[in-house]
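Engineer: would you be able to build a 3D model of this:
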Amino acid sequence: MENLATLTTAVHPATRLSNVQEYYFSRKLKEVARLNAEGRDIISLAIGSPDMPPSRRTVERLCEVASQPEAHGYQPTMGTPELRQAMADFYARWYGVDVDAQTEVLPLIGSKEGILHVTLAFVNPGEEVLVPNPGYPTYTSLSKILGAKVVSYDLREDNAWQPDFDELESMDLSNVKLMWTNYPNMPTGGNAQRETYERLVDFALRHNIVVVNDNPYSFILNEHPMSIMQVEGARECCIEFNSMSKSHNMPGWRVGMCIANPTFTSWILKIKSNVDSGTFRGIQLAAAAALNGNTQEWHREANIITYRRRRDKAERMMTTLGCTYDPQQVGMFLWGRIPDAYDGCEQLTERVLNEARVFITPGFIFGSNGNRYVRISLCAKDEKMDEALERMKRIRWTH
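Structural biologist: Numbering: from 1, shown residues only. Below is the predicted model:
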């Protein structure tokens, strides 16, 4: 033990660790676990992890393949032909976008993996990436870990959380390689707009920037899913991520997809092939079954009707807390502006956690433009959301 202590003292972490902190939810969930161990019974409305199961056929297909003796070997890094074709068919059926399953589709072990691989494939240390503020924290943290320089661009409520293109054009863009976008937007719920996608493609082509559109929420409370790949010229300058985590209730399965032109796909695959091996065959074929088999009726029940009912409950929570919100937002969260009486969003979320025993998310973790906002997840059973609302109603909030 003495030798171990000496070694630990002598070893230092890589300097890149000083650029990032432990992920907020990783840290905060430890506190929630401690409170639950003390008998506090915390209701979590913080994380976007769908609590409903995939379709029955999806699970059945996984079990069928898992029972096959030959199914357990290594799989191709670029995914099975069945999964790539199912992803291409999914894009054709839902977005009206034709992509080549052999050269323009790359299955991912979730979008986080895609963020890593795309950054490694396109950005040298010291080069710049444009990241939305507010936006998904992983765009920032992985860029910093990999030595890229993060340049934030503003999203604001008075602009429907769309990019301010006048502000973007005024920036020095000479060292920018990637621009991260996310529509429907997380955390704000700002929906995709055709005009925004067209302007993004034009912006990218004129400035030789690759736009990466992260698109996992397009089916949640959204009657008209859109893809940036619907815009003419997008294949020359855009990459799109999509995910089965949200739309197909498969967050723990870790199945996402990357849609890009053949050249971009080959660059990303070169990185991916050196980092991971292919996903278990049973998961890939079950994912293909979900993509091919889930009907419009299934999607409407899972992604519209259920979340609409829960959204109504979340809206009542926001009103109880004195927060205001845009009723037109989409996705699996509700984003609300806190009352002016609070110094910042964490002041409110800590009161909600400790007094109402409900865990909701402070907007500051998504960037400085989230400092006056909180986020409520819709990923909880109706009875849990009803109980959370009742707990909030018992507290006298500052409005």
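
Engineer: report the strands that pair with whatever helix or strand residue 132 lives in, each with its relative direction.
Structural biologist: Taking DSSP states H and E as the definition, residue 132 sits inside strand 128-133. Neighbouring strands of strand 128-133 in its sheet, by DSSP bridges, are strand 149-154 (parallel), strand 176-182 (parallel).

Engineer: how much distance is there from that strand to the middle of the chain?
Structural biologist: Strand 128-133 sits 15 Å away from the centroid of its parent chain (Cα atoms, centre = their mean, to the nearest Å).

Engineer: send me it as CSV with only the CA atoms.
Structural biologist: Extracted C-alpha coordinates of strand 128-133, given in CSV (Å, rounded to 0.1, in the frame of the first residue of the first chain):
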residue,chain,number,x,y,z
GLU,A,128,-12.0,26.3,-34.1
VAL,A,129,-15.5,24.8,-33.8
LEU,A,130,-18.7,26.8,-33.6
VAL,A,131,-20.9,25.6,-30.7
PRO,A,132,-24.5,26.8,-29.9
ASN,A,133,-25.1,28.7,-26.6
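
Engineer: quick one: average pLDDT of that strand?
Structural biologist: On average, the pLDDT along strand 128-133 is 98.

Engineer: stretch 329-337 too?
Structural biologist: Stretch 329-337 comes out at a mean pLDDT of 97.

Engineer: and for stretch 258-269?
Structural biologist: Stretch 258-269 shows a mean pLDDT of 97.

Engineer: quick one: buried residues of it?
Structural biologist: Buried residues in stretch 258-269, counted by 16 or more other Cβ atoms under 10 Å: 258-261, 264-265, 267-269. C-beta here means a position set from N, CA and C on the backbone, and glycine is covered the same way.

Engineer: what lies in contact with that stretch?
Structural biologist: Contact with stretch 258-269 is made by 77-78, 87, 91, 97, 99-100, 103-108, 114, 117-118, 121-122, 210, 227, 229, 235-236, 238-242, as judged by Cβ atoms under 8 Å, 6 or more residues apart in numbering.

Engineer: what do you get for stretch 276-293?
Structural biologist: Here stretch 276-293 has contacts from 54-55, 57-59, 61-63, 65-66, 71-80, 82-83, 85-87, 89-90, 107, 109, 113, 244, 248, 250, 253-255, using Cβ under 8 Å, 6+ apart.

Engineer: mind running it again at 7 Å?
Structural biologist: Applying Cβ atoms under 7 Å, 6 or more residues apart in numbering, the external contacts of stretch 276-293 come out as 54-55, 57-58, 61-62, 65-66, 71, 74-77, 79-80, 82-83, 86-87, 89-90, 107, 109, 244, 248, 253, 255.

Engineer: now, which of these lie within strands?
Structural biologist: Among the contacts of stretch 276-293, the ones falling in strands (DSSP state E) are residue 107.

Engineer: report the buried members of the contacts of stretch 276-293.
Structural biologist: Buried members of those, scored by 16+ other Cβ under 10 Å, are 54-55, 58, 61-62, 65, 75-77, 79-80, 82-83, 86-87, 89-90, 107, 109, 244, 248, 253, 255.

Engineer: got the phi/psi numbers for the nearest residue to residue 310 once chain neighbours are set aside?
Structural biologist: Take residue 310 and drop its neighbours on the chain: the residue closest to it by Cβ to Cβ, 6 or more residues apart in numbering is residue 378, 4.3 Å away. Backbone geometry at residue 378, expressed as degrees, to the nearest 10, gives phi -100, psi 10.

Engineer: hmm, residue 378 is touching residue 332, no?
Structural biologist: Yes. Counting by Cβ atoms under 7 Å, residue 332 is a contact partner of residue 378 at 4.9 Å.

Engineer: shared neighbours, those two?
Structural biologist: Counting by Cβ under 7 Å, 6+ apart, the shared contacts of residue 378 and residue 332 are residue 307.

Engineer: relative to residue 309, how far out is residue 296?
Structural biologist: Here the distance between residue 296 and residue 309 works out to 19 Å (Cβ to Cβ, to the nearest Å).

Engineer: quick one, strands of this structure?
Structural biologist: Ranges of strands within the chain are 43-44, 105-108, 128-133, 149-154, 176-182, 210-214, 238-243, 256-259, 324-325, 333-337, 358-359, 361-362, 373-377, based on DSSP E.

Engineer: so which of those strands comes closest to residue 393?
Structural biologist: strand 358-359 (11.3 Å; Cβ to Cβ).

Engineer: who are the neighbours in contact with residue 230?
Structural biologist: The neighbours of residue 230, taking Cβ under 7 Å, 6+ apart as the test, are 95-97.

Engineer: give me the subset of those lying in helices.
Structural biologist: Among the contacts of residue 230, DSSP state H puts residue 95 in helices.

Engineer: export the contacts of residue 230 as TSV, with columns for neighbour count.
Structural biologist: Listed next are the contacts of residue 230 as TSV, based on neighbours: other Cβ atoms under 10 Å:
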residue	neighbour count
95	20
96	11
97	20
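
Engineer: now do the contacts for residue 235.
Structural biologist: Neighbours of residue 235 in contact, by Cβ under 7 Å, 6+ apart: 229, 261.

Engineer: if we take the buried residues of stretch 258-269, which one ends up nearest to residue 160?
Structural biologist: Nearest to residue 160 out of the buried residues of stretch 258-269 is residue 259 (Cβ to Cβ; 24.9 Å).

Engineer: which residue packs closest to that closest one, ignoring adjacent ones?
Structural biologist: Per Cβ to Cβ, 6+ apart, closest to residue 259 is residue 240, 4.6 Å.

Engineer: surely that neighbour meets residue 213?
Structural biologist: Yes. The criterion here is Cβ under 7 Å, and residue 240 meets it with residue 213 at 4.8 Å.

Engineer: now the common contact residues for the two.
Structural biologist: residue 228.

Engineer: follow-up on the earlier one: any chance of the strands of the chain in CSV, plus distance to residue 143?
Structural biologist: Formatted as CSV, these follow (distance: least, Cβ to Cβ, whole Å):
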stretch, distance to residue 143
strand 43-44, 28
strand 105-108, 18
strand 128-133, 5
strand 149-154, 5
strand 176-182, 8
strand 210-214, 11
strand 238-243, 15
strand 256-259, 17
strand 324-325, 30
strand 333-337, 23
strand 358-359, 28
strand 361-362, 22
strand 373-377, 22
